[in-house]
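S.K.: Below are the sequence and a predicted model; questions follow.
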Amino acid sequence: MSKHGRVLVAMSGGIDSTVTAMMLHEQGYEVVGITMKTWDYANSGGNKKETGCCSLDSINDAREVAVDMGFHHFIVDIREDFGDYVIDNFVDEYLAGRTPNPCVLCNTHIKWSSLLKRADQLGCEFIATGHYAIINELDGRKFVTKSKDMKKDQSYVLWGLSQECLNRSLFPLGPYTKPEVRQMAFERGYTELSKKGESYEICFVPDNDYRGFLKRRVDGLEERVAGGDFVSVSGEVIGKHKGYPFYTIGQRKGLNVAFGKPMYVTEIKAESNTVVLGEVADLLRNGMTVGKINSQKYAEIPTGLEAITQIRYNDPGTMARLTNLGDTVEAEFYANVKGVAPGQSAVFYEGDDVVGGGIIMGSMKR
């Protein structure tokens, strides 16, 4: 009988999930390992060797650790669910002129759902991952808090986790830094693992060429959208572009048109295949509307709350006043913010605590 219960650990074969399994095993949990096959990159037509959490090498690495530590390990193929939801959404969002964040969708709608389903089947009370984040509780509600290692903190991509998910989740790495995690692996004899690098790419676009992925995924896309207009913020046609899905808010490089001064993508109009360009000042916004809200720390996002609001993964955040409008939340920034992109996630923080988050629907410039 285990000291703390039975836990299903998501294992990618990387250092973080491996050390997560080690720690829980040493703490007295009965560990069961699971590796989820989400994507077969060979099917995408890319030109880079398959790497990361879906590669055969990574799956084998995860299994070897499980064998070494003496616990069961399972491989689950969730490629169909992943493709139907995450990849279809990724393509649909770009075709709608928005910029998606597939890692958020994968975490909250695919991985956790799959983990909870398998945990129930295997009699596991808990699920655990190698995310750098901490779970706290207030008045019976669980919420995510930033990790000790601010450089590795992953609270931003976990805003969508429900109370059901949080109540059964463990994040053992939250109180540690990445160097400390590497040292743990080294001290336990996993020398090569302690030196293992990391991948920051989208798992199904490991060559980082999302435009090439879209072209391969959607038949005839390049021909359908080619020749649209670049227009100025005043509406003047100032050039031709290669197709609106191949541009993102804030983009400056790769416009392939000389303007005599730096110009940036400030708006994408999918319905007219138009890309609006402006100077850096034209990127500034002082408000936005956020939909598909998930509230973590409180039962609902409090109107009037002043929250540090993060609009992308590496964004330091800007203080904003929040207004709960029911289905949406309006955030009024206290300082202008550059490059608010519809489709990206907005996450609201009270100190280091995740109050909640949602998907950016649109921005405002008053």
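M.R.: Nice, thanks for sending it over.
S.K.: My guess is residue 343 contacts residue 358. True?
M.R.: No. Counting by Cβ atoms under 8 Å, residue 343 stays clear of residue 358, with 11.5 Å between them. (Glycine included, C-beta is placed from N, CA and C.)
S.K.: Looking at these two, which is more packed in?
M.R.: Ranked by neighbour count (other Cβ atoms under 10 Å), residue 343 and residue 358 place residue 358 first, with 23 against 20.
S.K.: isn't that one right up against residue 344?
M.R.: No. When contacts are counted by Cβ under 8 Å, residue 358 is not listed as touching residue 344 (10.4 Å).
S.K.: those strands in the stretch 1-150 of the chain, which residues are they?
M.R.: Shown for the stretch 1-150 of the chain, the strands assigned by DSSP state E, counting those that start in this stretch span residues 6-10, 30-37, 73-77, 126-128, 133-138, 141-146.
S.K.: So what are the structural domains in the protein, by residue number?
M.R.: Domains of the chain are assigned by automatic domain parsing as 6-130+172-194, 219-278.
S.K.: Lowest mean pLDDT across those domains, which one is that?
M.R.: With a mean of 87, domain 6-130+172-194 has the lowest mean pLDDT of the domains of the chain.
S.K.: gap between the two ends of that one?
M.R.: Distance between the boundary residues of domain 6-130+172-194 (Cα to Cα, to the nearest Å) amounts to 26 Å.
S.K.: next one: that domain to chain centre, how far?
M.R.: 14 Å (Cα atoms, centre = their mean, to the nearest Å).
S.K.: And the contacts of stretch 12-22?
M.R.: With Cβ atoms under 8 Å, 6 or more residues apart in numbering as the test, stretch 12-22 has contacts from 9-11, 31, 33, 35, 52-53, 55, 57-62, 65-66, 69, 71, 128-132, 172-173, 181-182, 184-185, 188, 190, 193-194, 196, 198.
S.K.: let's see it at 7 Å
M.R.: Stretch 12-22 is contacted by residues 9-11, 31, 33, 35, 53, 58-59, 61-62, 65, 69, 128-130, 172-173, 181-182, 184-185, 188, 190, 193-194, 196 when judged by Cβ atoms under 7 Å, 6 or more residues apart in numbering.
S.K.: what sits against residue 239?
M.R.: 230, 257 are the contacts of residue 239 under Cβ under 7 Å, 6+ apart.
S.K.: For it, give its distance to residue 341.
M.R.: To residue 341, residue 239 is 21 Å away according to Cβ to Cβ, to the nearest Å.
S.K.: Residue 170 now?
M.R.: Residue 170 is 32 Å from residue 341, where distance means Cβ to Cβ.
S.K.: returning to that earlier point: closest to residue 208 out of the domains of the chain?
M.R.: Minimum separation from residue 208 across those (Cβ to Cβ) falls at domain 6-130+172-194, 8.7 Å.
S.K.: where do the helices sit along the stretch 51-200 of the chain?
M.R.: 56-69, 79-82, 88-95, 102-105, 112-121, 163-167, 178-187, 191-194 (DSSP state H, counting those that start in this stretch).
S.K.: ok, residue 138 touching residue 299?
M.R.: No. Look at residue 138 against residue 299 with Cβ atoms under 7 Å: they stay out of range, at 11.0 Å.
S.K.: and the strands of the stretch 1-150 of the chain, which is most packed in?
M.R.: Highest mean neighbour count of the strands of the stretch 1-150 of the chain: strand 6-10, a mean of 25 (counted as mean count of other Cβ atoms under 10 Å).
S.K.: now what about it, what contacts it?
M.R.: 17, 20-21, 24, 29-34, 36, 111, 115, 118-119, 122-129, 170.
S.K.: Would you mind writing the CA trace of stretch 29-42 as PDB?
M.R.: Backbone C-alpha positions of stretch 29-42 (Å, rounded to 0.1, in the frame of the first residue of the first chain) are rendered in PDB as follows:
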ATOM      1  CA  TYR A  29       3.200   7.500  -4.100                       C
ATOM      2  CA  GLU A  30       2.400   4.500  -6.200                       C
ATOM      3  CA  VAL A  31       3.500   5.800  -9.600                       C
ATOM      4  CA  VAL A  32       2.000   4.800 -13.000                       C
ATOM      5  CA  GLY A  33       3.600   6.300 -16.000                       C
ATOM      6  CA  ILE A  34       1.800   7.300 -19.200                       C
ATOM      7  CA  THR A  35       3.100   8.700 -22.500                       C
ATOM      8  CA  MET A  36       0.600  10.200 -24.900                       C
ATOM      9  CA  LYS A  37       1.300  10.000 -28.600                       C
ATOM     10  CA  THR A  38      -0.300  13.200 -29.900                       C
ATOM     11  CA  TRP A  39       1.200  13.700 -33.300                       C
ATOM     12  CA  ASP A  40       3.000  11.900 -36.100                       C
ATOM     13  CA  TYR A  41       5.200  14.600 -37.700                       C
ATOM     14  CA  ALA A  42       5.900  12.500 -40.700                       C
END
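S.K.: just checking, residue 330 is part of a strand?
M.R.: Yes. Applying DSSP: H, G, I helix; E, B strand; the rest coil, one finds residue 330 inside a strand.
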